[in-house]
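**Q** this is the structure alone, sequence omitted:
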(Lines give C-alpha, C1' and ligand atoms only; values in the text may rest on other atoms or scores of the structure.)
Protein backbone atom coordinates (compact mmCIF):
# COMPACT_ATOMS: atom_id res chain seq x y z
CA UNK A 1 0.00 0.00 0.00
CA UNK A 2 1.42 3.40 -0.97
CA UNK A 3 2.20 5.99 1.72
CA UNK A 4 0.09 9.12 1.97
CA UNK A 5 1.63 12.55 1.41
CA UNK A 6 1.19 15.28 4.00
CA UNK A 7 1.28 18.57 2.10
CA UNK A 8 2.31 22.05 3.17
CA UNK A 9 -1.05 23.71 3.98
CA UNK A 10 -2.19 27.22 3.15
CA UNK A 11 -2.79 28.77 6.56
CA UNK A 12 -3.96 32.15 5.25
CA UNK A 13 -5.54 33.37 2.01
CA UNK A 14 -2.32 35.13 0.93
CA UNK A 15 0.11 32.35 1.87
CA UNK A 16 2.17 30.95 -1.02
CA UNK A 17 5.03 29.53 1.02
CA UNK A 18 6.04 29.15 4.66
CA UNK A 19 8.76 28.05 7.04
CA UNK A 20 8.51 24.67 8.76
CA UNK A 21 9.50 25.98 12.17
CA UNK A 22 9.15 22.84 14.28
CA UNK A 23 8.00 19.24 14.00
CA UNK A 24 5.71 18.14 16.83
CA UNK A 25 5.89 14.45 15.78
CA UNK A 26 8.66 11.95 15.04
CA UNK A 27 9.08 9.20 12.47
CA UNK A 28 7.35 6.05 13.67
CA UNK A 29 4.87 7.95 15.85
CA UNK A 30 1.21 6.97 15.57
CA UNK A 31 -1.15 9.90 15.11
CA UNK A 32 -4.90 10.25 14.90
CA UNK A 33 -7.19 12.92 13.54
CA UNK A 34 -6.75 16.15 15.54
CA UNK A 35 -3.16 15.48 16.69
CA UNK A 36 -0.78 18.41 16.20
CA UNK A 37 1.87 17.72 13.57
CA UNK A 38 4.02 20.85 13.21
CA UNK A 39 4.41 24.60 13.67
CA UNK A 40 4.41 26.63 10.46
CA UNK A 41 5.58 30.24 10.13
CA UNK A 42 3.48 32.12 7.58
CA UNK A 43 3.89 35.65 6.25
CA UNK A 44 1.97 36.88 9.31
CA UNK A 45 2.20 34.44 12.21
CA UNK A 46 3.36 31.11 13.57
CA UNK A 47 0.54 28.57 13.59
CA UNK A 48 0.07 24.91 14.45
CA UNK A 49 -1.64 22.46 12.14
CA UNK A 50 -3.16 19.08 12.79
CA UNK A 51 -3.76 15.71 11.17
CA UNK A 52 -7.12 14.90 9.59
CA UNK A 53 -6.33 11.21 9.15
CA UNK A 54 -4.84 8.49 11.32
CA UNK A 55 -1.71 6.47 10.65
CA UNK A 56 2.00 6.27 11.39
CA UNK A 57 4.44 9.06 10.51
CA UNK A 58 6.58 7.25 7.97
CA UNK A 59 9.11 9.87 6.93
CA UNK A 60 9.70 13.59 7.55
CA UNK A 61 10.65 15.04 4.17
CA UNK A 62 11.35 18.64 5.23
CA UNK A 63 13.78 19.53 8.03
CA UNK A 64 12.91 21.92 10.85
CA UNK A 65 13.78 25.52 10.06
CA UNK A 66 13.40 25.08 6.29
CA UNK A 67 12.13 28.34 4.76
CA UNK A 68 10.39 28.92 1.45
CA UNK A 69 8.40 25.68 1.43
CA UNK A 70 5.72 26.13 -1.23
CA UNK A 71 2.07 25.41 -0.43
CA UNK A 72 1.07 21.88 -1.53
CA UNK A 73 4.69 20.65 -1.36
CA UNK A 74 4.96 17.22 0.37
CA UNK A 75 6.53 17.69 3.80
CA UNK A 76 6.03 14.20 5.24
CA UNK A 77 4.76 10.72 4.42
CA UNK A 78 2.19 8.90 6.49
CA UNK A 79 2.27 5.11 6.47
CA UNK A 80 -1.04 3.33 6.41
CA UNK A 81 -2.28 0.71 8.81
CA UNK A 82 0.17 -2.20 9.08
CA UNK A 83 2.99 -0.27 7.35
CA UNK A 84 6.30 0.59 8.98
CA UNK A 85 7.94 3.96 9.50
CA UNK A 86 10.81 5.17 7.37
CA UNK A 87 8.80 4.60 4.18
CA UNK A 88 10.05 6.24 1.06
CA UNK A 89 8.63 6.58 -2.43
CA UNK A 90 10.28 4.05 -4.70
CA UNK A 91 11.53 5.13 -8.15
CA UNK A 92 8.59 5.34 -10.53
CA UNK A 93 6.05 5.21 -7.70
CA UNK A 94 3.89 8.11 -6.61
CA UNK A 95 2.59 8.56 -3.08
CA UNK A 96 -1.15 8.92 -2.77
CA UNK A 97 -1.70 12.71 -2.93
CA UNK A 98 -3.75 13.92 0.03
CA UNK A 99 -3.81 16.87 2.35
CA UNK A 100 -3.43 15.09 5.68
CA UNK A 101 -3.17 18.17 7.85
CA UNK A 102 -5.28 21.17 8.72
CA UNK A 103 -4.52 24.42 10.61
CA UNK A 104 -5.68 24.71 14.20
CA UNK A 105 -6.86 28.33 13.79
CA UNK A 106 -7.78 30.57 10.90
CA UNK A 107 -9.47 30.06 7.54
CA UNK A 108 -7.89 27.90 4.88
CA UNK A 109 -8.23 28.94 1.25
CA UNK A 110 -6.30 26.01 -0.23
CA UNK A 111 -5.87 23.12 -0.39
CA UNK A 112 -9.25 21.46 0.18
CA UNK A 113 -9.23 18.89 3.00
CA UNK A 114 -9.05 15.26 1.91
CA UNK A 115 -12.00 14.29 4.09
CA UNK A 116 -15.38 15.61 3.02
CA UNK A 117 -18.86 14.85 4.27
CA UNK A 118 -21.08 12.67 2.12
CA UNK A 119 -24.82 12.15 2.32
CA UNK A 120 -25.77 10.73 5.70
CA UNK A 121 -22.73 12.30 7.41
CA UNK A 122 -20.24 9.61 6.36
CA UNK A 123 -16.70 10.92 5.74
CA UNK A 124 -15.25 10.51 2.27
CA UNK A 125 -11.50 10.52 1.61
CA UNK A 126 -10.28 11.44 -1.85
CA UNK A 127 -7.23 12.85 -3.58
CA UNK A 128 -7.24 16.46 -4.83
CA UNK A 129 -6.92 15.22 -8.43
CA UNK A 130 -9.88 12.88 -7.98
CA UNK A 131 -11.97 15.73 -6.57
CA UNK A 132 -11.09 18.00 -9.51
CA UNK A 133 -12.00 15.30 -12.04
CA UNK A 134 -15.22 14.53 -10.19
CA UNK A 135 -16.19 18.21 -10.07
CA UNK A 136 -15.55 18.58 -13.78
CA UNK A 137 -17.68 15.55 -14.61
CA UNK A 138 -20.47 16.42 -12.17
CA UNK A 139 -19.76 13.20 -10.29
CA UNK A 140 -21.16 12.45 -6.83
CA UNK A 141 -18.16 11.06 -4.90
CA UNK A 142 -20.44 9.30 -2.41
CA UNK A 143 -21.43 6.91 -5.22
CA UNK A 144 -17.80 6.02 -6.03
CA UNK A 145 -15.94 3.17 -4.35
CA UNK A 146 -12.35 4.05 -3.52
CA UNK A 147 -9.45 1.72 -4.23
CA UNK A 148 -6.75 3.73 -2.45
CA UNK A 149 -5.50 3.47 1.15
CA UNK A 150 -8.37 3.17 3.66
CA UNK A 151 -10.83 3.27 0.75
CA UNK A 152 -9.56 6.64 -0.48
CA UNK A 153 -10.97 7.68 -3.86
CA UNK A 154 -8.16 8.18 -6.38
CA UNK A 155 -7.94 9.21 -10.05
CA UNK A 156 -8.50 5.69 -11.41
CA UNK A 157 -11.79 5.41 -9.49
CA UNK A 158 -13.34 8.51 -11.06
CA UNK A 159 -11.91 8.23 -14.59
CA UNK A 160 -14.44 5.62 -15.71
CA UNK A 161 -17.31 6.63 -13.44
CA UNK A 162 -20.51 8.02 -14.97
CA UNK A 163 -22.10 11.06 -13.29
CA UNK A 164 -25.67 10.86 -12.09
CA UNK A 165 -28.15 13.03 -13.97
CA UNK A 166 -29.19 15.32 -11.06
CA UNK A 167 -25.61 16.09 -10.10
CA UNK A 168 -24.55 16.66 -13.72
CA UNK A 169 -27.47 19.02 -14.25
CA UNK A 170 -26.65 20.93 -11.06
CA UNK A 171 -23.02 21.35 -12.08
CA UNK A 172 -24.03 22.55 -15.53
CA UNK A 173 -26.46 25.06 -14.02
CA UNK A 174 -24.09 26.60 -11.49
CA UNK A 175 -20.81 28.03 -12.75
CA UNK A 176 -17.86 27.66 -10.40
CA UNK A 177 -16.51 30.95 -9.00
CA UNK A 178 -13.12 32.02 -10.32
CA UNK A 179 -10.11 31.19 -8.18
CA UNK A 180 -8.69 34.17 -6.28
CA UNK A 181 -5.66 35.68 -7.92
CA UNK A 182 -2.40 35.09 -6.09
CA UNK A 183 -0.36 38.18 -5.25
CA UNK A 184 2.80 38.64 -7.31
CA UNK A 185 5.93 40.44 -6.26
CA UNK A 186 6.48 43.97 -7.49
CA UNK A 187 7.89 44.02 -10.99
CA UNK A 188 11.01 45.93 -11.95
CA UNK A 189 14.70 45.41 -12.43
CA UNK A 190 16.17 42.09 -11.33
CA UNK A 191 18.65 41.77 -8.47
CA UNK A 192 21.48 41.17 -10.95
CA UNK A 193 20.56 44.28 -12.91
CA UNK A 194 20.47 46.43 -9.78
CA UNK A 195 23.74 44.94 -8.52
CA UNK A 196 25.55 46.22 -11.62
CA UNK A 197 24.86 49.81 -10.51
CA UNK A 198 26.68 49.16 -7.23
CA UNK A 199 29.74 47.21 -8.33
CA UNK A 200 32.64 48.00 -6.02
CA UNK A 201 30.38 49.34 -3.26
CA UNK A 202 29.84 47.55 0.06
CA UNK A 203 26.29 46.48 0.88
CA UNK A 204 24.38 43.79 2.71
CA UNK A 205 21.82 41.64 0.90
CA UNK A 206 18.61 41.25 2.91
CA UNK A 207 16.44 38.33 1.81
CA UNK A 208 12.72 39.11 1.74
CA UNK A 209 10.70 37.14 4.26
CA UNK A 210 7.09 36.14 3.64
CA UNK A 211 5.63 39.26 5.26
CA UNK A 212 7.78 41.68 3.25
CA UNK A 213 6.92 39.85 0.01
CA UNK A 214 3.20 40.15 0.74
CA UNK A 215 3.53 43.84 1.66
CA UNK A 216 5.42 44.51 -1.60
CA UNK A 217 2.83 42.64 -3.65
CA UNK A 218 -0.28 44.11 -2.03
CA UNK A 219 0.92 47.73 -1.99
CA UNK A 220 2.10 47.51 -5.60
CA UNK A 221 -1.32 46.11 -6.51
CA UNK A 222 -3.04 48.85 -4.49
CA UNK A 223 -1.19 51.75 -6.13
CA UNK A 224 -1.50 50.29 -9.63
CA UNK A 225 -5.15 49.27 -9.51
CA UNK A 226 -6.91 51.51 -6.97
CA UNK A 227 -7.77 55.05 -8.16
CA UNK A 228 -6.72 56.91 -5.00
CA UNK A 229 -7.75 60.45 -4.22
CA UNK A 230 -7.00 62.38 -1.03
CA UNK A 231 -9.02 64.62 1.29
CA UNK A 232 -7.34 66.65 4.04
CA UNK A 233 -8.73 68.24 7.19
CA UNK A 234 -7.30 69.74 10.37
CA UNK A 235 -8.96 68.95 13.68
CA UNK A 236 -8.61 70.94 16.91
CA UNK A 237 -7.90 68.55 19.78
CA UNK A 238 -8.05 70.80 22.85
CA UNK A 239 -11.58 69.77 23.90
CA UNK A 240 -10.70 66.10 23.39
CA UNK A 241 -7.44 66.37 25.36
CA UNK A 242 -9.23 68.06 28.26
CA UNK A 243 -12.02 65.47 28.21
CA UNK A 244 -9.50 62.62 27.99
CA UNK A 245 -7.59 63.93 31.01
CA UNK A 246 -10.78 64.09 33.09
CA UNK A 247 -11.83 60.58 32.03
CA UNK A 248 -8.42 59.10 32.79
CA UNK A 249 -8.53 60.51 36.32
CA UNK A 250 -11.86 58.78 36.88
CA UNK A 251 -10.67 55.52 35.29
CA UNK A 252 -7.29 55.40 37.05
CA UNK A 253 -8.66 53.20 39.85
CA UNK A 254 -9.62 50.60 37.23
CA UNK A 255 -6.19 50.71 35.62
CA UNK A 256 -7.59 52.19 32.41
CA UNK A 257 -5.73 54.90 30.50
CA UNK A 258 -7.32 56.10 27.28
CA UNK A 259 -5.15 57.27 24.38
CA UNK A 260 -5.96 59.70 21.60
CA UNK A 261 -5.94 56.67 19.30
CA UNK A 262 -8.83 55.13 21.27
CA UNK A 263 -10.90 58.27 20.61
CA UNK A 264 -9.90 58.11 16.93
CA UNK A 265 -11.16 54.54 16.61
CA UNK A 266 -14.48 55.45 18.27
CA UNK A 267 -14.86 58.62 16.18
CA UNK A 268 -14.29 56.73 12.92
CA UNK A 269 -16.60 53.87 13.94
CA UNK A 270 -19.44 56.29 14.67
CA UNK A 271 -18.75 58.25 11.45
CA UNK A 272 -19.10 55.02 9.43
CA UNK A 273 -22.56 54.61 10.96
CA UNK A 274 -23.49 58.25 10.36
CA UNK A 275 -22.36 58.03 6.71
CA UNK A 276 -23.21 54.40 5.88
CA UNK A 277 -22.44 54.73 2.16
CA UNK A 278 -18.78 55.22 3.12
CA UNK A 279 -18.76 51.92 5.02
CA UNK A 280 -18.07 49.91 1.87
CA UNK A 281 -15.48 47.63 0.29
CA UNK A 282 -14.64 46.93 -3.34
CA UNK A 283 -15.51 43.36 -4.41
CA UNK A 284 -14.30 43.17 -8.01
CA UNK A 285 -17.53 43.71 -9.93
CA UNK A 286 -19.66 44.98 -7.05
CA UNK A 287 -19.55 46.86 -3.75
CA UNK A 288 -20.25 45.38 -0.33
CA UNK A 289 -21.99 47.85 2.00
CA UNK A 290 -21.14 46.77 5.53
CA UNK A 291 -23.58 47.02 8.45
CA UNK A 292 -21.13 47.16 11.38
CA UNK A 293 -18.09 49.39 11.83
CA UNK A 294 -15.15 46.99 11.65
CA UNK A 295 -12.16 49.32 11.98
CA UNK A 296 -8.63 48.13 11.17
CA UNK A 297 -5.67 49.84 12.85
CA UNK A 298 -2.14 49.64 11.47
CA UNK A 299 0.40 48.28 13.99
CA UNK A 300 4.08 48.47 13.12
CA UNK A 301 6.18 45.41 13.95
CA UNK A 302 9.75 44.48 13.13
CA UNK A 303 9.97 43.86 9.41
CA UNK A 304 6.42 44.89 8.53
CA UNK A 305 3.00 45.66 9.92
CA UNK A 306 -0.35 44.18 10.88
CA UNK A 307 -3.80 45.73 10.62
CA UNK A 308 -5.81 44.04 13.39
CA UNK A 309 -9.54 44.66 13.13
CA UNK A 310 -11.77 45.89 15.96
CA UNK A 311 -15.17 44.48 15.03
CA UNK A 312 -18.45 46.22 15.92
CA UNK A 313 -16.41 49.17 17.19
CA UNK A 314 -19.47 51.45 17.16
CA UNK A 315 -21.03 49.38 19.95
CA UNK A 316 -18.03 49.30 22.30
CA UNK A 317 -17.09 51.73 25.04
CA UNK A 318 -13.84 53.67 24.91
CA UNK A 319 -12.39 51.54 27.71
CA UNK A 320 -13.36 48.31 25.90
CA UNK A 321 -11.80 49.57 22.66
CA UNK A 322 -8.66 50.58 24.56
CA UNK A 323 -8.27 47.16 26.18
CA UNK A 324 -8.94 45.29 22.93
CA UNK A 325 -6.51 47.46 20.96
CA UNK A 326 -3.74 46.96 23.54
CA UNK A 327 -4.24 43.18 23.42
CA UNK A 328 -4.25 43.05 19.60
CA UNK A 329 -1.18 45.28 19.34
CA UNK A 330 0.76 43.21 21.89
CA UNK A 331 0.00 39.94 20.11
CA UNK A 332 0.66 41.52 16.70
CA UNK A 333 4.20 42.40 17.76
CA UNK A 334 4.85 38.75 18.69
CA UNK A 335 3.04 37.50 15.55
CA UNK A 336 0.45 35.65 17.61
CA UNK A 337 -2.67 36.94 15.85
CA UNK A 338 -5.00 34.47 14.16
CA UNK A 339 -5.88 35.32 10.52
CA UNK A 340 -9.46 36.23 11.39
CA UNK A 341 -8.11 38.93 13.73
CA UNK A 342 -6.32 40.88 10.99
CA UNK A 343 -8.49 40.14 7.94
CA UNK A 344 -11.61 42.05 6.97
CA UNK A 345 -12.82 45.47 7.95
CA UNK A 346 -13.95 48.21 5.57
CA UNK A 347 -11.72 51.06 6.74
CA UNK A 348 -8.32 51.52 8.36
CA UNK A 349 -6.42 54.02 10.52
CA UNK A 350 -2.69 54.64 10.20
CA UNK A 351 -1.36 56.91 12.94
CA UNK A 352 2.23 58.18 12.71
CA UNK A 353 1.66 61.14 15.00
CA UNK A 354 3.67 59.53 17.82
CA UNK A 355 6.72 59.66 15.51
CA UNK A 356 6.39 63.41 15.01
CA UNK A 357 4.96 63.17 11.46
CA UNK A 358 2.74 66.17 10.73
CA UNK A 359 0.88 64.64 7.78
CA UNK A 360 1.19 61.92 5.15
CA UNK A 361 -0.79 59.98 2.57
CA UNK A 362 -1.55 56.33 3.37
CA UNK A 363 -2.01 53.56 0.80
CA UNK A 364 -5.43 51.87 0.84
CA UNK A 365 -5.38 48.27 2.04
CA UNK A 366 -7.65 46.38 -0.41
CA UNK A 367 -10.51 45.67 -0.36
CA UNK A 368 -11.06 48.61 2.03
CA UNK A 369 -12.78 51.68 0.64
CA UNK A 370 -10.60 54.18 2.50
CA UNK A 371 -7.83 54.71 5.06
CA UNK A 372 -7.23 57.64 7.42
CA UNK A 373 -3.64 58.89 7.84
CA UNK A 374 -3.22 60.68 11.18
CA UNK A 375 -0.41 63.10 12.04
CA UNK A 376 0.83 64.64 15.26
CA UNK A 377 -1.06 67.14 17.37
CA UNK A 378 0.90 70.41 17.13
CA UNK A 379 0.38 73.79 18.84
CA UNK A 380 -0.57 76.33 16.17
CA UNK A 381 -2.12 79.81 15.99
CA UNK A 382 -5.73 79.63 14.77
CA UNK A 383 -8.47 82.17 14.20
CA UNK A 384 -11.30 81.75 16.72
CA UNK A 385 -14.99 82.19 15.89
CA UNK A 386 -14.91 85.77 17.20
CA UNK A 387 -11.99 86.68 14.93
CA UNK A 388 -9.30 86.65 17.62
CA UNK A 389 -6.08 84.67 17.35
CA UNK A 390 -5.55 81.84 19.79
CA UNK A 391 -3.19 78.88 20.21
CA UNK A 392 -4.74 75.46 19.66
CA UNK A 393 -3.56 71.87 19.37
CA UNK A 394 -4.15 71.00 15.73
CA UNK A 395 -3.90 67.54 14.17
CA UNK A 396 -3.75 67.00 10.41
CA UNK A 397 -5.64 64.07 8.86
CA UNK A 398 -5.67 62.77 5.29
CA UNK A 399 -8.36 60.40 4.04
CA UNK A 400 -7.17 58.22 1.14
CA UNK A 401 -10.24 57.13 -0.81
CA UNK A 402 -10.93 54.46 -3.44
CA UNK A 403 -12.83 56.43 -6.10
CA UNK A 404 -14.51 53.23 -7.31
CA UNK A 405 -16.26 52.99 -3.94
CA UNK A 406 -16.54 56.54 -2.59
CA UNK A 407 -16.95 59.75 -4.59
CA UNK A 408 -15.51 63.11 -3.55
CA UNK A 409 -18.59 64.61 -1.87
CA UNK A 410 -19.28 61.38 0.04
CA UNK A 411 -15.66 61.19 1.20
CA UNK A 412 -15.84 64.82 2.35
CA UNK A 413 -19.03 64.08 4.31
CA UNK A 414 -17.36 61.07 5.96
CA UNK A 415 -14.24 63.04 6.93
CA UNK A 416 -16.42 65.89 8.25
CA UNK A 417 -18.25 63.40 10.52
CA UNK A 418 -14.91 62.14 11.90
CA UNK A 419 -13.76 65.70 12.64
CA UNK A 420 -17.04 66.61 14.36
CA UNK A 421 -16.79 63.54 16.61
CA UNK A 422 -13.24 64.41 17.62
CA UNK A 423 -13.99 68.08 18.28
CA UNK A 424 -17.11 67.18 20.32
CA UNK A 425 -15.88 64.13 22.25
CA UNK A 426 -18.67 64.07 24.83
CA UNK A 427 -21.13 63.33 22.03
CA UNK A 428 -19.38 60.00 21.41
CA UNK A 429 -20.59 58.78 24.79
CA UNK A 430 -24.23 59.64 24.14
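**A** Thanks, I have the structure now. Keep in mind the model is a prediction, meaning the values are calculated, not measured.

**Q** buried residues, stretch 232-250. List them.
**A** Within stretch 232-250, the residues scored as buried using 16 or more other Cβ atoms under 10 Å are 233-238, 240, 243-244, 247. The C-beta positions use only the backbone N, C-alpha and C, and glycine is treated the same way.

**Q** before we move on, which element is residue 215 in?
**A** helix 210-225 (DSSP states H and E).

**Q** how far out from the middle of the chain is the helix or strand following that helix?
**A** Following helix 210-225 in sequence order, the next helix or strand is strand 228-236 (DSSP H and E). Put simply, strand 228-236 sits 27 Å off its chain's centre (Cα atoms, centre = their mean, to the nearest Å).

**Q** helices or strands up against the helix or strand that strand 228-236 is followed by?
**A** Downstream of strand 228-236, the next assigned helix or strand under DSSP H and E is helix 238-251. On a contact count with 3 or more Cβ pairs under 8 Å, 6 or more residues apart in numbering; DSSP states H and E, helix 238-251 meets helix 260-274, strand 389-402, helix 408-423.

**Q** number of nearby residues for residue 74?
**A** Residue 74 is flanked by 18 other residues according to other Cβ atoms under 10 Å.

**Q** would you confirm that it contacts residue 9?
**A** No - counting by Cβ atoms under 8 Å, residue 9 is not a contact partner of residue 74; they are 11.8 Å apart.

**Q** what do the two both touch?
**A** Residues touching both residue 74 and residue 9 (Cβ atoms under 8 Å, 6 or more residues apart in numbering): there are none.

**Q** and for residue 366, the neighbour number?
**A** 15.

**Q** separation between it and residue 208?
**A** 20 Å (Cβ to Cβ, to the nearest Å).

**Q** residue 312: neighbouring residues, count only.
**A** Residue 312, neighbours per other Cβ under 10 Å, totals 12.

**Q** for it, give me its contacts.
**A** So residue 312 contacts 292-294 (Cβ under 8 Å, 6+ apart).

**Q** residues in contact with the residue lying closest to residue 241 once chain neighbours are set aside?
**A** In this structure, residue 241 finds its nearest non-sequential neighbour in residue 393, 6.3 Å apart by Cβ to Cβ, 6 or more residues apart in numbering. If you count contacts by Cβ under 8 Å, 6+ apart, residue 393 has them with 236-238, 241, 377-380.

**Q** same thing but 10 Å
**A** Neighbour list for residue 393: 235-241, 376-380, 382 [criterion: Cβ atoms under 10 Å, 6 or more residues apart in numbering].

**Q** same check on residue 63?
**A** Neighbours of residue 63 in contact, by Cβ under 10 Å, 6+ apart: 20, 23, 75.

**Q** kindly reformat those residues as TSV and extend each row with pLDDT.
**A** What follows is these, written out as TSV (pLDDT from 0 to 100):
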residue	pLDDT
20	89
23	92
75	92
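
**Q** how about these in JSON lines, adding secondary structure?
**A** As requested, the contacts of residue 63 are arranged in JSON lines below (DSSP: H, G, I helix; E, B strand; the rest coil):
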{"residue": "20", "secondary structure": "strand"}
{"residue": "23", "secondary structure": "strand"}
{"residue": "75", "secondary structure": "strand"}
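
**Q** among those residues, which one sits closest to residue 356?
**A** Of all the contacts of residue 63, residue 356 sits closest to residue 20, with 41.1 Å by Cβ to Cβ.

**Q** so the closest one makes contact with residue 62?
**A** Yes - counting by Cβ atoms under 10 Å, residue 20 does reach residue 62; the two are 5.0 Å apart.

**Q** which of the two has more neighbours?
**A** residue 20 (23 against 17).

**Q** ok, back up a step: of the contacts of residue 312 - the most surrounded one?
**A** residue 293 (25 neighbours).

**Q** which ones are touching the nearest residue to it once chain neighbours are set aside?
**A** Spatial nearest neighbour of residue 293, excluding adjacent residues (Cβ to Cβ, 6+ apart): residue 269 at 3.8 Å. Residue 269 is in contact with 279, 292-295, 310, 312-316, 321, 347, 418, 421, 428, counting by Cβ under 10 Å, 6+ apart.

**Q** next: residue 24.
**A** 31, 35-39, 48-50.

**Q** could you rerun that using 6 Å?
**A** Going by Cβ atoms under 6 Å, 6 or more residues apart in numbering, residue 24 touches 36-38.

**Q** check the gap between it and residue 242 for me.
**A** For residue 24, the distance to residue 242 - Cβ to Cβ - is 54 Å.

**Q** repeat that for residue 378.
**A** For residue 378, the distance to residue 242 - Cβ to Cβ - is 17 Å.

**Q** ditto for residue 218
**A** 40 Å.

**Q** now residue 304: closest residue in space that isn't a chain neighbour?
**A** Closest to residue 304 by Cβ to Cβ, 6+ apart is residue 211, at 4.1 Å.

**Q** that neighbour: neighbouring residues, count only.
**A** 21.

**Q** got the confidence number for the nearest residue to residue 413 once chain neighbours are set aside?
**A** Nearest residue to residue 413 in three dimensions, chain neighbours excluded: residue 275, at 5.3 Å (Cβ to Cβ, 6+ apart). Note for residue 275: predicted pLDDT of 97.

**Q** right, and residue 275 touches residue 414 too?
**A** Yes - because the distance of 4.5 Å satisfies Cβ atoms under 6 Å, residue 275 is recorded as touching residue 414.

**Q** those two: who's more crowded?
**A** Applying other Cβ under 10 Å to residue 275 and residue 414 shows that residue 414 carries more neighbours, namely 26 against 19.

**Q** report the central residue of the protein.
**A** Most central in the chain under Cα atoms, centre = their mean is residue 343, positioned 4.0 Å from the mean C-alpha point.

**Q** dihedrals phi and psi, that one?
**A** Torsion angles at residue 343 (phi, psi; degrees, to the nearest 10) stand at phi -110, psi 150.

**Q** so how far is residue 272 from it?
**A** 18 Å.

**Q** ok, now residue 205?
**A** For residue 205, the distance to residue 272 equals 44 Å [Cβ to Cβ].

**Q** also residue 287?
**A** 14 Å.

**Q** who has more neighbours, those two?
**A** residue 272 (27 against 17).

**Q** quick one, what contacts the more buried one?
**A** Contacts of residue 272 (Cβ under 6 Å, 6+ apart): 279, 293.

**Q** switch the cut-off to 8 Å
**A** 278-279, 290, 293, 295, 314, 346-347, 414.

**Q** let me have the residues you listed in TSV, extended by secondary structure.
**A** Converted to TSV, the contacts of residue 272 look like this (three-state DSSP):
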residue	secondary structure
278	helix
279	coil
290	coil
293	coil
295	strand
314	helix
346	coil
347	strand
414	helix
